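Engineer: everything below, folded, please.
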Amino acid sequence: MALATTWAVALAGVAGELVKVEADLANGLPATTVIGLGDVAVTQARDRVRSAVINTGEKWPEKRITLALSPAALPKRGASFDLAMAIAVLAAAEVIPAAAAAQVVLIGELGLDGRVHPVRGTLPSLLAVRAAGRTSAIVPVANMAEAVLAGGVRVRGVAFLADLVGHFKGEAGRLVEPVAAGPPVEPPMSDMRDVLGQPEARSALELAAAGGHHLAMVGPPGSGKTMLAARLPSLLPRLSAEQALEVTAVHSVAGNLDDQTPLITRPPFIEPHHSASLAALVGGGSGLIRPGSVSLAHRGVLFLDEAPEFRPTVLDALRQPMESGAVLLARASGAVRYPARFQLILAANPCPCAAAKDVDCTCASGIRRRYLARLSGPLMDRIDIRVDLAALDPRSLVSGEADQECSEVIAARVALARGRALHRWWGTRFTTNAEVPGPIIRRLWRPGRAEEGLLDRAVRFGRLTGRGYDRVLRLALTSADLGGREVPSAEDVARALSLRCGENAW
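Structural biologist: As a prediction, this is how the structure comes out:
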């Protein structure tokens, strides 16, 4: 047979599509051509595949070889097509049965010695295999831990091309079968008991956890901003099965998974340095478009410490994904969409000198205003909760941890509040109050006369925008959920308004 077919997967972000890999052997001068809109890594595969086949002990066909990847208009990127190309050539040369090779999806990069190297994006690739109705796939052994998470597909691992060739020739035991994995090893989480004092900030953090609200904290160094932010994941519920696969797929594309934690079941906590570039934060790349910090924080927390030190263009790039929950990265080679439903936590000093007390501050008033003005108005308008932290009271340092609630107790209240919100929004695509658009909230609940008076005054005095008005309503609903009330009270609205507007002039 001079023509054979195998199957691979092309990824665009976390979405995959099956790719038919066809090998045609024709008479003529020996040469190998790869067609089908592949990038440099795909076109260079002809040299990797040839060396791998020869070093495996098989004869490379002295023919004119054409490798076609279709759909031809679909961009193909990366080296994950190597294994499918090699098997297609060997099947066309009648080294292995072509019928058997056409029944399985092949994913993997080949080394020149025939070793099968791991590739990024194995989990989303197999989710695409399952969605396409395919039932069998072969992946690199190093990717087995995440591959079995897809479910609905028989997955086997291969370490060397020679093992795969032997398998297709009918030799038993050449592939690695999946083994039952134990529970994932989760790193210990920081506890809220470690945070001394700051009762207002602790309460605001609990409210943010209960509703999925964005939070900004301003205070002098050592007041506990970073400690509070780092403990937010310990208050959040575990990810659902569907959410865990979403998050794990993004981290698989980024190459951040390991065998110890193949499935991410806890909300991720991403903390980029303030020198991060725009591409590092929102994603990008000249060739393969990779996810940025906003997508790695999907269903989790994105913490920006020393937020005013980030470049303004980087900070303002957060505005669109904060509203839509996704980021669309458009390049000349195509557009890729990554999920980005994250919870943003900002921490900032009140001024460049960061004095513990206002009386010790050496900054002029104009300098203080310009420093916090680096956080633009449109960005801060999307922040639900704004908290000013004072320097720690010495008495809280003496009292220690005995009087502080632990994360387990607070997380139990958060779980109850989220359960009430989930029941409220049952049948919709929303799971937390922070995700719900204002018109839907206003149709569900309209503030009473007393609550409307509070909100109207804030709007008239310029303390609230239209977006801010809706966000106060969301906060009030979350406050009611924490209190076990179906409808927010006047106290809930007043609390939400105070947390939204704060005391300083943002």
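
Engineer: so which strand or helix has the closest residue to residue 70 other than its chain neighbours?
Structural biologist: Nearest-residue entry for residue 70: residue 20, 5.0 Å, with adjacent residues in sequence omitted and distances by CB to CB, 6 or more residues apart in numbering. Quick note: C-beta positions are derived from backbone N, CA and C, even for glycine. Assigning secondary structure by DSSP states H and E places residue 20 in strand 15-26.

Engineer: centre of the chain to that strand, how far?
Structural biologist: 30 Å (CA atoms, centre = their mean, to the nearest Å).

Engineer: please apply the same query to stretch 422-442.
Structural biologist: That offset, for stretch 422-442, works out to 22 Å (CA atoms, centre = their mean).

Engineer: contacting residues around it?
Structural biologist: Here stretch 422-442 makes contact (CB atoms under 8 Å, 6 or more residues apart in numbering) with 211-214, 325, 341, 343, 384, 418, 421, 444, 466-467, 469-470, 473-475, 477-478, 481.

Engineer: just the buried subset of those residues, please.
Structural biologist: 211-214, 341, 343, 384, 418, 421, 469-470, 473-475, 477-478, 481 (16 or more other CB atoms under 10 Å).

Engineer: among those, which lie within helices?
Structural biologist: 211, 418, 421, 469-470, 473-475, 477-478, 481 (DSSP state H).

Engineer: of those, just say which sits nearest to residue 265.
Structural biologist: residue 418 (16.1 Å; CB to CB).

Engineer: so what's that closest one up against?
Structural biologist: 210, 237, 431-432, 481.

Engineer: do the same with residue 293
Structural biologist: 270, 272, 276, 280-282, 302.

Engineer: and it, how far is that from residue 241?
Structural biologist: 25 Å (CB to CB, to the nearest Å).

Engineer: how about residue 140?
Structural biologist: 25 Å.

Engineer: more neighbours: those two, which one.
Structural biologist: residue 140 (23 against 12; other CB atoms under 10 Å).

Engineer: mind listing the residues bridging to that one?
Structural biologist: Taking DSSP bridges as the rule, residue 140 bridges to residue 158.

Engineer: please apply the same query to residue 348.
Structural biologist: Assigned bridge partners for residue 348, using DSSP bridges, are residue 218.

Engineer: the residue nearest to residue 70 touches residue 5, doesn't it?
Structural biologist: Yes - look at residue 20 against residue 5 with CB atoms under 8 Å: they come within range, at 6.0 Å.

Engineer: neighbour count for the two, which is higher?
Structural biologist: Remark: of residue 20 and residue 5, residue 5 carries more neighbours, 19 against 16, as counted by other CB under 10 Å.

Engineer: residues contacting that one?
Structural biologist: 20-23, 88, 91, 98, 101-102.

Engineer: ok, back up a step: tell me which of the contacts of residue 293 fall in strands.
Structural biologist: If you go by DSSP state E, the contacts of residue 293 have 270, 302 in strands.

Engineer: so which of the contacts of residue 293 comes closest to residue 69?
Structural biologist: Closest to residue 69, out of all of the contacts of residue 293 and judged by CB to CB, is residue 282, at 29.4 Å.
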